[in-house]
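J.: model this:
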Amino acid sequence: MDDLAPLLAVLVLIADLLAILHVWSRRIEFGRKIIWSLVIALLPVVGLIMWGIAAGRFAKVRL
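T.: Predicted coordinates:
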């Protein structure tokens, strides 16, 4: 189990970076880009899940 921790951390980091890049590539307000980037960076797993739900295919509001 201890061998998986570094790999999991790297995977979460890569997923967070990709999510932040996705946020900045979209045509949304600058303030929302800042807020989403902070949420994803400060709450890596929870922020990634929140972003995935908000930006997902079935989201009611497009980011």
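J.: Give the buried residues for the lowest-mean-pLDDT helix or strand in the chain.
T.: Scoring the helices and strands of the chain by mean pLDDT, DSSP states H and E places helix 44-55 at the bottom, with a mean of 90. Neighbour-count burial for helix 44-55, counted by 16 or more other CB atoms under 10 Å, picks out 44, 47, 48, 51, 55. C-beta: built from backbone N, CA, C; applies to glycine.
J.: How about residue 52: what's its closest non-neighbour residue?
T.: residue 19 (7.7 Å; CB to CB, 6 or more residues apart in numbering).
J.: Make sure that neighbour is actually in contact with residue 51.
T.: Yes. Using CB atoms under 8 Å, residue 19 is in contact with residue 51, at 5.2 Å.
J.: Now for these two: what residues contact both?
T.: residue 40 (CB atoms under 8 Å, 6 or more residues apart in numbering).
J.: continuing past the strand or helix carrying residue 18, what's the next helix or strand?
T.: Assigned by DSSP states H and E, residue 18 belongs to helix 4-25. Going down the chain from helix 4-25, the next helix or strand is helix 30-42, by DSSP H and E.
J.: quick check: mean pLDDT across that following helix?
T.: The pLDDT scores in helix 30-42 average 94.
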